[in-house]
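Colleague: here is a sequence with its predicted model. Questions after.
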Amino acid sequence: MSEFNKQTKLLSTTKEDIQTAAKIIKNGGLVCLPTETVYGLGANALNGEAVLNIFKAKGRANDNPLIVHIAKFDDIKPLVKSVSEKAKILAQKFWPGPLTMIFEKSSLIPDEVTCKMDTVAIRMPSHKVARAIIEESGLPIAAPSANISGGVSPVTAEHCYADLKGRVDAVVDGGECEVGLESTVILMVGDKPRLLRPGFVTAEQISEQIGEIIIDDAILNPLKKGQQVLSPGMKYKHYSPSAKVIIIDADDEKYYSYVNQSQGEDVFALCYDEDVEHINKKCLTLGKHFDNESAANRLFYNLHQFDLMGAKVVFARLPKTDGVGLAVVNRLLRSAGFEVIKL
Ligand code: TXA
Ligand code: MG
């Protein structure tokens with residue numbers, strides 16, 4: 001298809017390459033750039049046509065709005081109607097960093113970014129390279145995760161390139177992302193702040209700053225037929241590797257015997273370091289037993305690895321849902337299409 005035969009440049013993080021990336025953004029092009037969470041597929045957020053090309057390149061549903069990335073707090077002012085006291089507190093505490101807040105949008109934000117919603121999601125990333133590209137372009141950058149829709153979010157430049165080669169103008173290689181899964185998304189419009197997507201900034205940390213928040217039901221539960229969603233992203237298939245992921249909710253012994261008894265060359269385990277010696281299948285680990293931060297960091301990376309290793313079935317241990325664990329379980333449930341075997 002002619003629109004997908006772009007010459008995708010591979011850029012480094014030198015000053016010169018960052019200037020090149022910023023120039024592509026200014027000219028209405030598409031650049032994959034590293035952030036501390038996952039790689040983003042960025043375009044000028046004020047250019048509706050450029051933003052539309054993000055949807056085409058990803059094959060993204062046209063009702064799933066994008067996050068707008070800024071480099072400093074003052075950049076938010078022209079983009080939103082107002083910033084509440086609670087939002088200011090969260091910005092002060094967690095920006096720059098892996099937190100996205102949703103506000104009422106100003107007329108400067110094109111409909112293409114928000115899919116005609118009257119709210120806009122804003123994030124100030126902490127990654128040096130993301131910030132440098134935003135600053136150098138002098139523009140807010142709209143960026144979803146840099147993967148074909150439905151797949152696993154990219155945490156290395158290689159992951160972006162494998163998915164989007166030919167579809168984007170450049171990929172900036174900033175190494176592996178530190179957090180490893182997407183930002184926390186919180187709706188700041190309405191009576192009470194509402195957590196729509198858990199992330200590295202936890203519900204507990206947010207409540208500590210601004211009091212009670214609502215945890216949206218859709219975070220740990222599949223949508224019921226016809227259920228209304230506040231974040232369109234909740235509707236769609238997500239984070240699916242080629243391998244079939246099945247979650248096993250069991251204690252150590254039951255998990256080991258279930259995995260060990262299952263037949264087949266291409267069966268793999270996604271477990272913890274301490275489990276490996278008890279399992280007779282190939283394993284990738286989420287780190288030390290029930291260490292949620294390390295699990296967040298390893299989850300997407302390992303899902304990409306399973307595909308490279310030719311896995312057909314992956315039996316994943318169910319992490320705990322406290323702290324960052326809520327984000328890990330939220331993503332894992334979606335990669336498994338909510339298939340959980342409880343033993
Ligand atoms: O860490 C991240 O957030 C990464 C990096 C690149 O910053 N970006 C990212 O974008 O994960 P994306 O598009 O994959 O996820 C954005 C989520 C989607 O579920 C979308 O539906 C939701 O945020 N969203 C965006 N704008 C919204 C709005 N106005 N109201 C409700 N949900 C919104
Ligand atoms: Mg995404």
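Modeller: Alright, I've got the coordinates. Ligands and ions are numbered 1, 2, ... in the order given.
Colleague: contacting residues for whichever residue of the stretch 151-300 of the chain sits closest to ligand 1?
Modeller: Per C-beta to the nearest ligand atom, Gly233 is where the stretch 151-300 of the chain lies closest to ligand 1, at 1.9 Å. (Each C-beta comes from the backbone N, C-alpha and C, glycine too.) Residues in contact with Gly233 (C-beta atoms under 8 Å, 6 or more residues apart in numbering) are Asn64, Arg197.
Colleague: 6 Å - rerun?
Modeller: Contacts of Gly233 were listed using C-beta atoms under 6 Å, 6 or more residues apart in numbering, and they are Asn64.
Colleague: before we move on, what about the one 4 residues further on?
Modeller: Shown here is Lys237, whose contacts under the criterion C-beta under 6 Å, 6+ apart are Gly150.
Colleague: torsion angles phi and psi at it?
Modeller: phi -60, psi 140 (degrees, to the nearest 10).
Colleague: surely Lys86 is in contact with Ile210?
Modeller: Yes - using C-beta atoms under 6 Å, Lys86 makes contact with Ile210 at a distance of 4.4 Å.
Colleague: would you mind measuring from the residue of the stretch 151-300 of the chain closest to ligand 1 to Ile109?
Modeller: Gly233 sits 18 Å away from Ile109, going by C-beta to C-beta, to the nearest Å.
Colleague: repeat for Arg60
Modeller: Separation of Arg60 from Ile109 (C-beta to C-beta) stands at 17 Å.
Colleague: of these two, which one has the most company?
Modeller: In terms of neighbours (other C-beta atoms under 10 Å), Ile109 is the more surrounded of Arg60 and Ile109; the figures are 27 against 22.
Colleague: the stretch 1-150 of the chain against ligand 1: which residues are in contact?
Modeller: 35, 37-38, 40, 64-67, 100, 102, 114, 117, 119-121, 123, 143-145 (C-beta under 6 Å from any ligand atom).
Colleague: show me these that map onto helices.
Modeller: Residues of those located in helices (DSSP state H): Thr114.
Colleague: from the residues of the stretch 1-150 of the chain next to ligand 1, keep the buried residues only.
Modeller: Neighbour counting over those (16 or more other C-beta atoms under 10 Å) leaves 35, 37-38, 40, 64-67, 100, 102, 114, 117, 119-121, 123, 143-145 as the buried ones.
Colleague: show me which helix runs longest in the protein.
Modeller: The chain, longest helix under DSSP H: helix 292-308.
Colleague: what's the spacing between it and its chain's center?
Modeller: How far helix 292-308 lies from its chain's middle: 13 Å, per C-alpha atoms, centre = their mean, to the nearest Å.
Colleague: kindly report the same for stretch 97-116.
Modeller: Centroid separation for stretch 97-116 versus its chain: 17 Å, with C-alpha atoms, centre = their mean.
Colleague: now intersect the residues of the stretch 1-150 of the chain next to ligand 1 with the strands, please.
Modeller: Judged by DSSP state E, strands contain the following of those: Gly40, Ile67, Thr100, Ile102, Thr119, Val120, Ala121, Arg123.
Colleague: contacts only, for the first one.
Modeller: Gly40 sits next to Leu33, Ala143, Ala146 when contact means C-beta under 6 Å, 6+ apart.
Colleague: surely Phe306 is in contact with Lys244?
Modeller: No - with contact defined as C-beta under 6 Å, Phe306 does not reach Lys244; the gap is 10.2 Å.
Colleague: who has more neighbours, those two?
Modeller: Each of Phe306 and Lys244 has its neighbours counted (other C-beta under 10 Å); Phe306 has more, 23 against 17.
Colleague: pull the contacting residues for that one.
Modeller: So Phe306 contacts Pro241, Ala243, Phe268, Val314 (C-beta under 6 Å, 6+ apart).
Colleague: now Ile206
Modeller: Each residue near Ile206 by C-beta under 6 Å, 6+ apart is listed here: Ile213.
Colleague: buried residues in the strand or helix carrying it?
Modeller: In this assignment (DSSP states H and E), Ile206 forms part of helix 203-210. Buried residues in helix 203-210, counted by 16+ other C-beta under 10 Å: Ala203, Gln205, Ile206, Ile210.
Colleague: mind checking what helix or strand follows it in sequence?
Modeller: Sequence order places strand 214-215 as the next helix or strand after helix 203-210, per DSSP H and E.
Colleague: next helix or strand past that following strand?
Modeller: strand 244-249.
Colleague: for the helix or strand following that next one, give the mean pLDDT please.
Modeller: The helix or strand immediately downstream of strand 244-249 is helix 252-261, counting by DSSP H and E. Across helix 252-261, the average pLDDT comes to 98.
Colleague: right, and the helix or strand after helix 252-261?
Modeller: strand 267-271.
Colleague: the following helix or strand past that next one: how far from the chain's middle?
Modeller: Scanning forward in sequence from strand 267-271 by DSSP H and E, the next helix or strand is strand 282-285. In terms of C-alpha atoms, centre = their mean, the gap separating the centre of strand 282-285 from the centre of its chain is 23 Å.
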